[in-house]
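**Student:** no sequence on hand, only this structure:
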């Protein structure tokens, strides 16, 4: 069982930066790949970034590649999403999720946080 809690969302102007955190409970944290997803009003939930259980591998969706960085601190059971050069289209509710699979498909994620809102204004 894994419980996830996101934090760090907020409002920022276009071109600015934010860092999201996802704190996980559970002693088996390293077994899970951790993914970030986002959902804007009226749109489907979409994959953003993924990091492996040992933190050595990561993968990004094309729209955020080069601007977002995912990392994890196993000692703190926390995953981070550093977001730079934010655009209005990055506005969404951001969720972290855990999966035993290396996958970008949300249906394969077993545990989800409640989300944190990111709003980017021009």
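**Tutor:** Done, it's in. Computed from a prediction, not measured in an experiment: that's the story for all the values here.
**Student:** with adjacent residues omitted, what lies nearest to residue 121?
**Tutor:** Leaving aside its chain neighbours, residue 121 sits nearest to residue 13 (5.7 Å; criterion: C-beta to C-beta, 6 or more residues apart in numbering). Glycine gets a C-beta too; all of them are placed from N, C-alpha and C.
**Student:** low-confidence ranges, the protein, go.
**Tutor:** For the chain, applying pLDDT under 70 flags the ranges 27.
**Student:** and the strands in it, which stretches?
**Tutor:** Assigned strands in the chain, in chain order: 3-7, 10-13, 18-25, 33-39, 46-51, 58-60, 68-73, 78-83, 92-99, 111-112, 116-121 (criterion: DSSP state E).
**Student:** excluding its backbone neighbours, what's nearest residue 71?
**Tutor:** If you skip the residues right next to it in sequence, residue 71 has residue 80 as its closest partner in space, 4.9 Å away by C-beta to C-beta, 6+ apart.
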